[in-house]
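Participant: generate a structure from the sequence data that follows.
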Amino acid sequence: MAVRGPVPSFPVLHMQRPAFLRGFKLTGKSEVRHLLRICTKVMLLITWGSVATVMHANAAQLERAGHLRLVDDLDRPQDGYCLDILGSGPYVRFDMPLTAHNCKPGLYEDEAVVLEPSGRILFPAYGVCATVAGINKRALAGAAVMPRSCGEKTPFLDADSLQRFLHRTDGRIELAGSGLCMTVGDTSDSTFEATHRWRTLFMQKCDIAPLSHSRWKFVIPDS
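Facilitator: Here you go, the predicted structure:
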């Protein structure tokens, strides 16, 4: 099929050598190919080195991970309720609030957490932290808890102070200095799997949150 209209012209791009290549004289195509192979190998080594470092750090954190589980099992005496990221496998939803989901057997990535000394609740498989939804570094009763990047600082979200929790001696988990404690809802419903249950998760004033719905424990499940 013929192309109608004038044939477009394209500018010739003159690529500048990287600084570390300036001063080298390349006299033949074979030398150019050899140098390109060296550069490719160097870049791959740098990339894989960075990936390996991240993977090693994540693996070390996963070894310390466990469930953040409600002390009272409520209507799930067989497995109780755990802090959970919505979704599964490649379909994990970081744009949706965290929930209390019946604890799955073993340790799934979307329920595996590390309680860091800083007060953050980290999901090491994803590098995200439990983050109370708030404005101007403050939250209100009823606020949801979201999975967001640890220490995230983006327009309308300075997450650091909304990710610092205190695990109190009474078992409650308080957003540090806020008087708000992590609480689950009164009712449960089935999930996408008919035998599973979930409850809402939100921040409630600690002095009125029912103990049965707001006391938590860190548990390393049987493998």
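
Participant: and the helix or strand where residue 181 lies, what does it pack onto?
Facilitator: According to DSSP states H and E, residue 181 maps onto strand 180-184. Other elements packing on strand 180-184 under the criterion 3 or more CB pairs under 8 Å, 6 or more residues apart in numbering; DSSP states H and E are strand 173-175, strand 197-205. C-beta: built from backbone N, CA, C; applies to glycine.

Participant: so which of those strands is the most surrounded?
Facilitator: A comparison of the helices and strands packed on strand 180-184 by mean neighbour count, using mean count of other CB atoms under 10 Å, puts strand 173-175 on top with a mean of 24.

Participant: for residue 82, find the nearest of the helices and strands packed on strand 180-184.
Facilitator: With CB to CB as the criterion, residue 82 lies closest to strand 197-205 of the helices and strands packed on strand 180-184, at 10.4 Å.

Participant: give the closest residue to the one residue sitting closest to the centre of the chain in space, chain neighbours not counted.
Facilitator: Taking CA atoms, centre = their mean, the centroid of the chain lies closest to residue 128, which sits 2.2 Å from it. Of all residues beyond its chain neighbours, the one nearest residue 128 is residue 147 (4.3 Å), with distances taken as CB to CB, 6 or more residues apart in numbering.

Participant: name the residues that touch the helix or strand hosting that neighbour?
Facilitator: The secondary structure element spanning residue 147 is strand 145-149 (assigned by DSSP H and E). Counting by CB atoms under 8 Å, 6 or more residues apart in numbering, strand 145-149 makes contact with 85, 94, 96-98, 123, 126-133, 157, 159, 163, 182, 201-203, all of which sit outside it.

Participant: sorry, back to before: can you pull the pLDDT of the residue nearest to the centre of the chain?
Facilitator: Residue 128 is assigned a pLDDT of 97 by the prediction.

Participant: about what we covered before: parallel or antiparallel, which strands does the strand holding residue 181 pair with?
Facilitator: As defined by DSSP bridges, the strand partners of strand 180-184 come to strand 173-175 (antiparallel), strand 197-205 (antiparallel).

Participant: and the contacts of strand 145-149, which of them are buried?
Facilitator: Those of those that meet the buried threshold are 85, 97-98, 123, 126, 128-133, 157, 159, 163, 182, 201-203, by 16 or more other CB atoms under 10 Å.

Participant: any stretches of the chain with poor pLDDT?
Facilitator: In the predicted model, the chain carries pLDDT under 70 at residues 1-36, 38-62, 223.

Participant: quick one: the helices in it?
Facilitator: In chain order, the chain shows helices spanning 29-63, with DSSP state H as the criterion.

Participant: on that earlier part again, among the contacts of strand 145-149, which are in strands?
Facilitator: Assigned to strands by DSSP state E, the following of these qualify: 123, 128-132, 157, 182, 201-203.

Participant: need the residues you listed in a markdown table (columns: distance to residue 112).
Facilitator: What follows is the ones in strands among the contacts of strand 145-149, written out as a markdown table (distance: CB to CB, whole Å):
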| residue | distance to residue 112 |
| --- | --- |
| 123 | 7 |
| 128 | 12 |
| 129 | 13 |
| 130 | 13 |
| 131 | 17 |
| 132 | 20 |
| 157 | 24 |
| 182 | 17 |
| 201 | 17 |
| 202 | 22 |
| 203 | 22 |
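
Participant: wait, which of those residues is closest to residue 37?
Facilitator: Proximity of the ones in strands among the contacts of strand 145-149 to residue 37, judged by CB to CB, is greatest for residue 128, which lies at 38.5 Å.
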